[in-house]
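Take a look and give me a structure for this.
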Amino acid sequence: MARTRKEIYDEIIAEKNRVQQLDVLSDEKQIKEALSEMAEVQSGSKVAVWRLWLYIVSYCIWLHEQVFDAHKAEVNTLIASAKVHTAGWYAERMLEYQHGDLILLHPDTKQPYYEVVDESKQVVKSVAVTGRGYALVKVKGVAGRLSTDEAQGAEAYLREIQEPGAQLALINLDSDKLTLYADLYYEPELDKATVEAAVRSAVETYISGLDFNGILAVSDLVDYVKDVAGVRDFYITVLRARPDIGTYEDVQARYYPASGWMELEDYNVTPIADV
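Here you go, the predicted model:
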């Protein structure tokens, strides 16, 4: 980042004060030739000629650094707008999709854009792009699965922005479903119903708090529930999961949601007073 003109000027002043030879020029001829019509270099006057020259020099340096900063910003902007088809690039573009509007391509950058940005039409709220060669583009709306019309529009938009030869598939599914049975050991002096309710809330909060396309880790879920006041232990006896269009399978340590998100479908916890 360019320094301010005052910072540059102060640095020059400090350097001038550091070099004592500038204050002890003994050759009168040298003084006349080098400092003709200038005040003594020891002068503290703000309008001393030597100070005015330093001001001019500092201003030129400052202007030079401003030009470099402007050039750097311009280059960074061009790099940022470059059409690089990474997973992150596709995810950012899908979030910009406006249902009901025609996509345009910039004549210079060839980047997709809309004539008018309207966030109320941006129906895709969560995106995850996974895979190499054949990539899955998982999407989710504000309330879950996109409607049929929205999904068809989003898929057509994806075809418009994909690079030639790229293999992409739009995944728009209802949530993966979970079945969870567990034994809950709680402090007996506390109200059982209150602890049960807090534990269910914790389970649902953990699941809903996962990033889109995040991984459910069994150990993390158990630790999260054990932080609930009154819980001494939480032992999962059954944990199964299924995609929206699949069948249930046992979850051993981790679960990767096919849709990108998940919800509880069957939940049963047996409270046990830990006496």
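
so where is the chain shaky, pLDDT-wise?
Residue ranges of the chain with pLDDT under 70: 1, 15-16, 18-52, 79-84, 109-110.

Kindly report the domain assignment for it.
5-80, 87-171, 176-273 (automatic domain parsing).

Is it possible to get JSON lines of those that adds mean neighbour count?
Any C-beta I mention is one placed from the backbone N, CA and C, and that applies to glycine too. Formatted as JSON lines, the domains of the chain follow (neighbours: other C-beta atoms under 10 Å):
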{"stretch": "domain 5-80", "mean neighbour count": "12"}
{"stretch": "domain 87-171", "mean neighbour count": "15"}
{"stretch": "domain 176-273", "mean neighbour count": "16"}
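
after the helix or strand encompassing residue 77, next one along is what?
In this assignment (DSSP states H and E), residue 77 forms part of helix 49-80. Counting by DSSP H and E, the next helix or strand C-terminal to helix 49-80 is helix 87-95.

Who are the packing partners of that following helix?
With contacts defined as 3 or more C-beta pairs under 8 Å, 6 or more residues apart in numbering; DSSP states H and E, helix 87-95 has these neighbours: strand 126-130, strand 134-140, helix 148-161.

rerun at 6 Å
Packing contacts for helix 87-95, counted by 3 or more C-beta pairs under 6 Å, 6 or more residues apart in numbering; DSSP states H and E, involve strand 126-130.

follow-up on the earlier one: what distance separates the helix holding residue 77 from the middle of the whole chain?
The chain centre lies 31 Å from the centre of helix 49-80; the measure is C-alpha atoms, centre = their mean, to the nearest Å.

Next, residue 217: phi, psi?
Dihedral angles phi and psi of residue 217 (degrees, to the nearest 10) take the values phi -100, psi 120.

ok, now which ones touch it?
Residues in contact with residue 217, defined by C-beta atoms under 6 Å, 6 or more residues apart in numbering, are residue 254.

in the sheet, who's paired with it?
residue 254 (DSSP bridges).

swap in residue 185?
As for beta bridges, residue 185 partners with residue 233, residue 272 under DSSP bridges.

Start at 117, not 1
Got it, the first residue is 117 from now on, which makes the last one we talked about residue 301.

From residue 389, how far off is it?
Distance, residue 301 to residue 389, by C-beta to C-beta, to the nearest Å: 8 Å.

Using the three-state scheme, assign the closest residue to residue 170 other than its chain neighbours.
Nearest non-adjacent residue to residue 170, counting by C-beta to C-beta, 6 or more residues apart in numbering: residue 128, 4.9 Å away. Going by DSSP: H, G, I helix; E, B strand; the rest coil, the secondary structure assigned to residue 128 is helix.

So residue 375 sits against residue 292, correct?
Yes - Residue 375 lies in contact with residue 292 (C-beta atoms under 6 Å); the separation is 5.3 Å.
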